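sequence isn't available, so here's the structure alone:
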């Protein structure tokens, strides 16, 4: 399937129907998840701030998904020199930065009433997510700062690959170090510690955020294909 | 079984209750909404702009 989609024409045909379907699925899942999330009973420790969980955690999950997509696309682009993989990597980074930014801000708004601090520099989970945000921005800045588009892409893709090491650091930061951030309560040995009344809306919103990322990623890759086609046609016209 | 307007109002009011933490909960939802609006607008406008440019250049080449 991936080999077939590597052809830009086939990708454009596929994404033309896949993106709207994903967008509809995302809208439904997010609306359902957030509605259920707004109606959960207050947590016995965190009170009504638990409602922030249904946007903060999905944004954090999606930011890591986006970086995994950025790293995977960069790897394919570097190894196989495939233009569509490079377009996919480039299209991924702004979305990843936005989801990571959302995760950081909503986390800060959750942390202030629970921990008494907007930000804690000594917390490994917070700092590793900030590093993720800076990696997305660094990728975009590096691409934009080099005039030769191909060279800029190569440099940014190497940065993206090096940054992949940050994903397990984010995931295990709460196990490896003492953090203010709560430990894993979902994907942990011994099963989830989250009550079903919280788990269902969280998973719905998480799936919805991921589907929304998928829909917007497909559309941005389409835009990048058209940008390259337009630049190529403009160059041909100038040389004619 | 039907839901009266009063019941529906109570359900919505319950969902929108954040008590003393409202000052943290609603800005968090607001930031998320703004983030999504920015991503959607930027994505759609970018795709529309480049598609039109590519189509226009394609047509110009055909003439």
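Alright, I've got the coordinates. Note that the coordinates shown come from a computational prediction; the quantities given were computed from them, not determined experimentally.

all contacts plus neighbour counts: C-alpha atoms, from now on.
Noted.

low pLDDT regions in chain B?
B:1-3, B:63 (pLDDT under 70).

which parts of it are helices?
B:5-15, B:22-62 (DSSP state H).

now do the end-to-end distance for stretch B:8-28.
25 Å (C-alpha to C-alpha, to the nearest Å).

buried ones in it?
Residues B:15, B:17-18, B:21, B:24-26, B:28 are the ones in stretch B:8-28 that count as buried (16 or more other C-alpha atoms under 10 Å in any protein chain shown).

cool, and stretch A:172-191?
Buried residues in stretch A:172-191 (16+ other C-alpha under 10 Å): A:173-174, A:179-181, A:184.

in helices only, show me those residues.
Reading helices off these with DSSP H, I get A:173-174.

what subset of the buried residues of stretch A:172-191 is also close to chain B?
Among those, no residue sits close to chain B (C-alpha under 8 Å from any C-alpha of the partner chain).

circling back to that earlier point, could you dump the buried residues of stretch B:8-28 to TSV with distance to residue A:11?
What follows is the buried residues of stretch B:8-28, written out as TSV (distance: C-alpha to C-alpha, whole Å):
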residue	distance to residue A:11
B:15	41
B:17	45
B:18	45
B:21	46
B:24	42
B:25	40
B:26	39
B:28	36
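
ok, and of those residues, which contact chain A?
Within the buried residues of stretch B:8-28, those near chain A by C-alpha under 8 Å from any C-alpha are B:15, B:17-18, B:21, B:24-25, B:28.

up against chain B, what does chain A have?
Counting by C-alpha under 8 Å from any C-alpha, chain A sits next to chain B at A:35, A:38-39, A:48-49, A:51-52, A:55, A:95, A:98-99, A:102, A:105-106, A:109-110, A:113, A:216, A:219-220, A:222-224, A:226-227, A:229-230, A:233-234, A:237.

among the residues you listed, the buried ones, what's the ChimeraX command?
Command for ChimeraX that selects the buried part of the residues of chain A next to chain B, burial taken from 16+ other C-alpha under 10 Å:
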select /A:35,38,39,48,49,51,52,55,95,98,99,102,105,106,109,110,113,216,219,220,222,223,224,226,227,229,230,233,234
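
among the residues of chain A next to chain B, name the ones in helices.
Per DSSP H, the subset of the residues of chain A next to chain B in helices is A:35, A:38, A:55, A:95, A:98-99, A:102, A:105-106, A:109-110, A:113, A:216, A:219-220, A:222-224, A:226-227, A:229-230, A:233-234, A:237.

with adjacent residues omitted, what lies nearest to residue B:39?
For residue B:39, ignoring the flanking residues on the chain, the nearest one in space by C-alpha to C-alpha, 6 or more residues apart in numbering or on different chains is residue A:95 at 6.8 Å.

give me the low-pLDDT residue ranges for chain A?
For chain A, counting by pLDDT under 70, the residues that fall below are A:1-5.

from residue A:95, how far off is the residue nearest the centre of chain B?
The C-alpha lying nearest the average C-alpha coordinate of chain B belongs to residue B:37 (C-alpha atoms, centre = their mean; 4.5 Å). According to C-alpha to C-alpha, residue B:37 stands 12 Å off from residue A:95.

between the helices of chain B, which one is closest to residue A:129.
With C-alpha to C-alpha as the criterion, residue A:129 lies closest to helix B:22-62 of the helices of chain B, at 16.9 Å.

quick one: residues contacting residue A:110.
Taking C-alpha atoms under 8 Å, 6 or more residues apart in numbering or on different chains, we find residue A:110 in contact with A:49, A:52, B:24-25.

now those residues in JSON lines, with distance to residue A:64?
As requested, the contacts of residue A:110 are exported to JSON lines (distance: C-alpha to C-alpha, whole Å):
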{"residue": "A:49", "distance to residue A:64": "23"}
{"residue": "A:52", "distance to residue A:64": "19"}
{"residue": "B:24", "distance to residue A:64": "24"}
{"residue": "B:25", "distance to residue A:64": "23"}
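
how about these, which pair is most distant?
A:52 and B:24 (8.4 Å).

so which of the ones next to chain A among the buried residues of stretch B:8-28 is the closest to residue A:160?
residue B:28 (28.7 Å).

leaving out sequence neighbours, find the closest residue to the closest one.
Here the residue nearest residue B:28, using C-alpha to C-alpha, 6+ apart, is residue A:106, at 4.9 Å.

what about the one you found, distance to residue A:54?
Distance, residue A:106 to residue A:54, using C-alpha to C-alpha: 10 Å.

just to revisit the earlier point, check the buried residues of stretch A:172-191 and tell me the two furthest apart.
A:180 and A:184 (12.2 Å).

quick revisit: list residues touching both of residue B:37 and residue A:95?
By C-alpha under 8 Å, 6+ apart, no residue touches both residue B:37 and residue A:95.
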